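> no sequence for this one, just the structure:
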């Protein structure tokens, strides 16, 4: 009996070591082959080979890192981020994985996540990348002309100056001052139409906080003062939201409230997709509920090395509408029934971006309940520091 037990133990040990050898051999082969492709700079072949090995259950940090580097060289930043994230989450002492998690977030324009990971970089990397915790990070100017085709309406103008500030590595502040002006039609007792001018100064501030590299909290306040010849109205808008980012998909949920002539509330669900793993193609879908229901779809594509084209459409009647985290507020006298448009973004250099936008709106004349059309042209410049 004792002899049989020894034979069973020896047999089990043999099978165990044989099984381990069978597992280690493919891993050793994958290590050697991936290193060979890496040294040869065959990035497409390396990325596809690594995907096949991972699908077959072969998994070790160097395979993920080599696949991530190959994707980075191919400008597939989402896939690269996915690979380096796996390595860094398993071993947060891996400085190389951390560095490429930071870089991929930069190239995906996920600035709040990039700053969060930047805080964890070595001082040498911070110096190389010119990373500073607190700084003036951006400046924007824009001007738009709104032109209705109804003769009883007049052209309106909108101008905005925006400043972005990094408050350390987890907080980002976006603040703006804007001015909107519109001649408002008033019918006098003698039947003449009088056009007193609405002057509307605005102030906006949004604070974003990075809870971690994927989750961020957003809060904003928008002040509007409607100044008419004989009276003025003050509107306060409060916004709060939460955003969760993955390499290919960003999801946001938020809520806004504002005290216009009537109290208005808006709840948004927003999904942003990067199907190619970079900024060459992206989609932003937003469903808005609350006081009214609207749907907005944005589709953008990279046309050349430094030019992007973007199209957008908004459906549903909009007496009011908060856009871009309540930065832009639709609150003029005529509700919009339909809106669509297009934008061109041109990168003039590494720091300066030019934008040109056109918007077409079908609006409802609030006195006659008939429709008219409005065309808007907007131009802007934005600097990144």
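In hand now; what should we look at? Everything numeric here is computed off the predicted structure, so don't read it as measured data. Numbers count the residues shown, from 1 in each chain.
> Could you count how many residues lie near residue 56?
10 (other Cβ atoms under 10 Å). To be clear about C-beta, it is placed using only N, CA and C from the backbone, and glycine gets the same treatment.
> Not counting sequence-adjacent ones, nearest residue to it?
Excluding its sequence neighbours, the residue lying closest to residue 56 (Cβ to Cβ, 6 or more residues apart in numbering) is residue 26, at 7.3 Å.
> what mean pLDDT does the helix or strand where that neighbour lies have?
Using DSSP states H and E, residue 26 maps to helix 2-40. For helix 2-40, mean pLDDT rounds to 62.
> Could you do stretch 204-212 as well?
98.
> residues making contact with it?
Stretch 204-212 has contacts (Cβ atoms under 8 Å, 6 or more residues apart in numbering) with 112-113, 115-116, 169-178, 216-223, 239, 325-327.
> go again using 7 Å as the cut-off
112-113, 115-116, 170-176, 216-222, 325, 327 (Cβ atoms under 7 Å, 6 or more residues apart in numbering).
> Stretch 134-148 now?
By Cβ under 7 Å, 6+ apart, stretch 134-148 touches 155-168, 372, 374-385.
> my guess is residue 98 contacts residue 85, does it?
No. Between residue 98 and residue 85 there is no contact under Cβ atoms under 7 Å: 9.9 Å.
> what's in contact with the next helix or strand after the helix holding residue 26?
Using DSSP H and E, the helix or strand that directly follows helix 2-40 along the chain is helix 43-55. The contact list for helix 43-55, computed with Cβ under 7 Å, 6+ apart, reads 30, 33, 34, 37, 38, 63, 66, 67, 70, 71, 73, 74.
> Likewise for stretch 110-129?
95, 98-99, 101-102, 105-106, 131, 166, 169-170, 172, 208, 210, 212-213, 216, 245.
> same check, this time on stretch 377-385
Contacts of stretch 377-385 (Cβ under 7 Å, 6+ apart): 135-145, 351-358.
> Quick check: end-to-end length of stretch 272-279?
11 Å (Cα to Cα, to the nearest Å).
> so where do the strands sit in the stretch 51-200 of the chain?
135-148, 156-167, 171-183, 186-187, 193-194, 197-210 (DSSP state E, counting those that start in this stretch).
> Please produce TSV containing those strands, extended by mean neighbour count and distance to residue 264.
As requested, these are exported to TSV (neighbours: other Cβ atoms under 10 Å; distance: least, Cβ to Cβ, whole Å):
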stretch	mean neighbour count	distance to residue 264
strand 135-148	16	21
strand 156-167	17	20
strand 171-183	17	17
strand 186-187	12	24
strand 193-194	11	28
strand 197-210	18	16
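> which one of those lies closest to residue 307?
Closest of the strands of the stretch 51-200 of the chain to residue 307 is strand 135-148, at 18.5 Å (criterion: Cβ to Cβ).
> tilt between the closest one and strand 156-167?
170 degrees (axes from the mean of the first three to the mean of the last three Cα atoms, to 10 degrees).
> Could you list the low-confidence segments of the stretch 151-300 of the chain?
Scanning the stretch 151-300 of the chain for pLDDT under 70 picks out 184-195.
> residues contacting residue 361?
Residue 361 sits in contact with 336, 339, 373, 374, where contact means Cβ under 7 Å, 6+ apart.
> Now go through these and say which are in helices.
Nothing among the contacts of residue 361 maps onto helices, per DSSP state H.
> Type out the PyMOL command that picks the buried ones from those residues.
To isolate the buried ones among the contacts of residue 361 in PyMOL, judged by 16 or more other Cβ atoms under 10 Å, type:
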select buried, resi 336+339+374
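> Which of the contacts of residue 361 sits closest to residue 272?
Using Cβ to Cβ, the contacts of residue 361 come closest to residue 272 at residue 339, 19.7 Å.
> residues near the residue nearest to the closest one when sequence neighbours are not counted, how many?
Among residues not flanking residue 339 along the chain, residue 314 sits closest, at 4.3 Å (Cβ to Cβ, 6+ apart). For residue 314, the count of nearby residues is 22 (other Cβ under 10 Å).
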